[in-house]
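Participant: Fold the following and give me the result.
(chains A and B)
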Amino acid sequence: MVVQIIFFVAMYPILFLMYFILRPAGEFKNGYCFAVGMKRDWIGQKEVVEIQEGYRREAKRLLIVLALIPFVTWVLPGFAIPLTVWMLWMVAVCILPMIPVARANGRLKRWKRAQGFSTSVFSETYTEMKNAGAVRRVKFLPFLIPMLLSGAVAAGSLAYFGRRDLPAYGVVVVSFALLTALCYGVALWMDRQKTQVISNDSDVNVNYTRAKKSLWKNTWLGMAWTNTVYTAVTAVVFVINRSTVVALVWATLVYTAALVWLLLLHMKKSDRIDAHYEEKREEPYDAAADDDAWIGGVIYYNKKDKRTMVSQRIGIGTTTNLATTTGKVFDMIGLVTLLVVIPFCCIWVMLEEYTPLQLAVKDAALVAEHLGVAYELPLADIEKITLIEELPRLRKLNGNGMENIYEGTFRDGAERCEVFLNPQNGVFLQIETAEETYYMSAAEDAATVEIYEAVAR
Amino acid sequence: MVLVIDDSSDIPIYQQLRNQIVIGISDGRLKPGEQLPTVRALAEEIGVNAMTVNKAYQMLKQEGYIVTERRNGARVRREFGGDGQLSPEAAETLRRIISEAKLAGMTQEEFVALCKSHFEQMEGK
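Facilitator: Coordinates of the predicted model:
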């Protein structure tokens, strides 16, 4: 149940975030509607209104279907199957909402061509010469404080948990702390993007870019601070009580809500900047204004444009130009993560959960197998073996701690021990060697008893 | 000033860059003494090799449109005390344009009027 709550808190908001990011796709903004270059007076035309309404209907239908699917996981057994459903759901949430956008984009392009307007007119790159390379808003110092704080928390956690032989907790805190540095890295990278050309007036271009970059800087700084607080809270929760997850769930909930709030605030402010510059905006001065370079309105492929990154036409932020090598590499990484790594991880977890534990005596050794050999104990090394019906309170240090499989290094009170068992069984083996204590079981209780008798003899 | 680089053009990029800076100086979008971006910054902004921008700046310097100082980088020249003559290359380009205008059916008066209009536009009239 706790795992379900964590999944819900961490992943469910992504659906609504995607919905709110893509919802304005059908509105006329910055000279575009569904990523197609449009004129304001075309927007009220009957066919365009029909395309907009069709998109809204499809997007709402999809939102309802996607919003219901996660509730199925509440009745699914085990850990691996709900995890797989959640992961596949997340992939679907990232990809499926693009389909109504792509359909509307295609319809609008066809309409535009039918009106006699070209959708591919640009072969030129427009560059603002004024303040070239000097419109920068990100400074190191404001990011230094959250990075130092995160770093201090991470270093403290590593030392604290290292001394207590619990390095995994320290590593978790360090990985959160690294996200603060990542915020600075991304902010710096976005700050180095070229000046946006929206007008023939250099001052308009520079001021517009400066306003947008300031907004991004503030958003990333906000994220860096939010992450610092989350890192510190996680470390404190681990120190106070490592077995509780309720506090962590609440912290994650607040953290996710804060990030979503920051993004929504960013969108609102970004819209305000665009509205302010709407009057000053002239005909698009960007190679990315070529409608045909936007596949489905969301994927940018333009051989004539040498830039790797361009502003999104739909949603917020930037996207890669798939015609460039760097763009291809970036997108391949994203695609491999979405379509290969996530399904692979799900299959692996499923194999972990549903492959039965195999414990047997082979060649004068006790061999424990589960997706490969986990342990091989020569019988001569076993000093004592006991059949127990109740497990001591085991706390995982590293390895697998699912409902039906405990495998890896655990802590039994103050002592470390190696564990290979199904906690839902009725009997277990407690094995002592000169160096280590082991807790083991076979898949079935009868098999565990048989092994006990064979080894004890 | 907005630079327009056409990748599909037969004119090399450094030449396009040079031409547009000359036009920018003549029509006042680039003021006398105005600081120009560094070679590296402009190359990054356009998305071309720094050598391309460097070549354009070298041409502009040789032709006397810009000056480069070790400490301040490149600047538009403060005064243009020309001799009132076109360079041989520019005169040849003008000759070609006149030929094209003639073949396109323009009269001498129409061509002169067009030149006058552009000249006045560049002087901000």
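
Participant: In the stretch 201-350 of chain A, which residue sits nearest chain B?
Facilitator: Residue of the stretch 201-350 of chain A nearest chain B, by Cβ to the nearest Cβ: A:Lys306 (3.8 Å). C-beta: built from backbone N, CA, C; applies to glycine.

Participant: shouldn't that residue be in contact with B:Gly47?
Facilitator: Yes - with contacts counted by Cβ atoms under 8 Å, A:Lys306 reaches B:Gly47, the gap being 3.8 Å.

Participant: Overlap in contacts, these two.
Facilitator: Counting by Cβ atoms under 8 Å, 6 or more residues apart in numbering or on different chains, the shared contacts of A:Lys306 and B:Gly47 are A:Thr125.

Participant: And for the residue of the stretch 201-350 of chain A closest to chain B, the neighbour number?
Facilitator: 16 (other Cβ atoms under 10 Å in any protein chain shown).

Participant: in stretch A:335-347, what counts as buried?
Facilitator: A:Ile342, A:Cys346 (16 or more other Cβ atoms under 10 Å in any protein chain shown).

Participant: secondary structure class for whichever residue of the stretch 101-250 of chain A sits closest to chain B?
Facilitator: At 2.7 Å from chain B, A:Gly133 is the closest residue in the stretch 101-250 of chain A, using Cβ to the nearest Cβ. For A:Gly133, the reduced secondary structure class is coil; criterion used: DSSP: H, G, I helix; E, B strand; the rest coil.

Participant: May I have the residues that are in contact with it?
Facilitator: By Cβ under 8 Å, 6+ apart, the neighbours of A:Gly133 are B:Pro37, B:Thr38, B:Arg40, B:Ala41, B:Leu42, B:Glu44, B:Glu45.

Participant: 10 Å - rerun?
Facilitator: By Cβ atoms under 10 Å, 6 or more residues apart in numbering or on different chains, A:Gly133 lies in contact with A:Arg192, A:Lys194, A:Thr195, B:Pro37, B:Thr38, B:Arg40, B:Ala41, B:Leu42, B:Ala43, B:Glu44, B:Glu45.

Participant: Next, check these against the helices and list the overlap.
Facilitator: Members of the contacts of A:Gly133 lying in helices (criterion: DSSP state H): B:Arg40, B:Ala41, B:Leu42, B:Ala43, B:Glu44, B:Glu45.

Participant: of those, closest to A:Val229?
Facilitator: B:Glu44 (35.5 Å; Cβ to Cβ).

Participant: Quick check on the closest residue to the closest one other than its chain neighbours: phi, psi?
Facilitator: Once flanking residues are discounted, B:Glu44 sits nearest to A:Gly133: 5.8 Å by Cβ to Cβ, 6 or more residues apart in numbering or on different chains. Per-residue torsions, A:Gly133: phi 70, psi 10 (degrees, to the nearest 10).

Participant: Please tell me how far A:Gly133 sits from B:Tyr14.
Facilitator: A:Gly133 is 18 Å from B:Tyr14, where distance means Cβ to Cβ, to the nearest Å.

Participant: Report the contact partners of A:Ala155.
Facilitator: The contact partners of A:Ala155, by Cβ under 10 Å, 6+ apart, come to A:Gly170, A:Val173, A:Val174, A:Ala177.

Participant: between these, which is nearest B:Asp6?
Facilitator: Among these, and counting by Cβ to Cβ, the member closest to B:Asp6 is A:Ala177, at 47.7 Å.

Participant: Look up which helix or strand the closest one falls in, please.
Facilitator: helix A:167-191 (DSSP states H and E).

Participant: Is that helix in proximity to chain B?
Facilitator: No - Helix A:167-191 is not in contact with chain B by Cβ under 10 Å from any Cβ of the partner chain; minimum separation 12.7 Å.

Participant: The helix or strand following that helix close to chain B?
Facilitator: Moving toward the C-terminus from helix A:167-191, the next helix or strand (DSSP H and E) is helix A:202-240. Yes - against chain B, helix A:202-240 shows contacts by Cβ under 10 Å from any Cβ at A:Ser202, A:Asn205.

Participant: Just the mean pLDDT for helix A:202-240, thanks.
Facilitator: The pLDDT scores in helix A:202-240 average 93.

Participant: That one to helix A:167-191, inter-axis angle?
Facilitator: Regarding helix A:202-240 and helix A:167-191, their directions subtend 180 degrees when assessed with axes from the mean of the first three to the mean of the last three Cα atoms, to 10 degrees.

Participant: and helix A:202-240, what does it pack onto?
Facilitator: Contacting helix A:202-240 under the criterion 3 or more Cβ pairs under 10 Å, 6 or more residues apart in numbering or on different chains; DSSP states H and E are the following elements: strand A:124-128, helix A:140-163, helix A:167-191, helix A:246-277.

Participant: Kindly reformat those as CSV containing mean pLDDT.
Facilitator: Formatted as CSV, the helices and strands packed on helix A:202-240 follow (pLDDT from 0 to 100):
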stretch, mean pLDDT
strand A:124-128, 82
helix A:140-163, 94
helix A:167-191, 91
helix A:246-277, 86
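
Participant: Out of the ones you listed, which is the most enclosed?
Facilitator: strand A:124-128 (a mean of 24; mean count of other Cβ atoms under 10 Å in any protein chain shown).

Participant: Extract the CA atoms of that strand and return them as CSV.
Facilitator: The C-alpha coordinates for strand A:124-128 follow below in CSV (Å, rounded to 0.1, in the frame of the first residue of the first chain):
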residue,chain,number,x,y,z
GLU,A,124,17.4,31.7,-43.8
THR,A,125,18.7,32.0,-40.3
TYR,A,126,18.1,35.2,-38.5
THR,A,127,20.6,36.4,-35.9
GLU,A,128,20.5,39.4,-33.6
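
Participant: Might one say that A:Leu371 is in contact with A:Trp348?
Facilitator: Yes - between A:Leu371 and A:Trp348 a contact is recorded at 8.6 Å, counting by Cβ atoms under 10 Å.

Participant: Flag the shaky bits of the chain, pLDDT-wise.
Facilitator: Chain wasn't specified; assuming chain A. A:1, A:118-123, A:241-245, A:283-289 (pLDDT under 70).

Participant: Actually, chain B is the one I wanted.
Facilitator: Scanning chain B for pLDDT under 70 picks out B:81-82, B:124-125.

Participant: before we move on, back to that, so who does the residue of the stretch 201-350 of chain A closest to chain B touch?
Facilitator: A:Lys306 sits next to A:Thr125, A:Ala287, A:Asn321, A:Ala323, A:Thr324, B:Ile5, B:Asp7, B:Ile46, B:Gly47, B:Val48 when contact means Cβ under 10 Å, 6+ apart.

Participant: Is the third one bridged to anything, and to what?
Facilitator: Going by DSSP bridges, A:Asn321 is paired in beta bridges with A:Tyr300.

Participant: Pull the number of nearby residues for it.
Facilitator: Neighbours of A:Asn321 using other Cβ under 10 Å come to 26.

Participant: ditto for the last one
Facilitator: Counted with other Cβ under 10 Å, the burial measure for B:Val48 works out to 20 neighbours.
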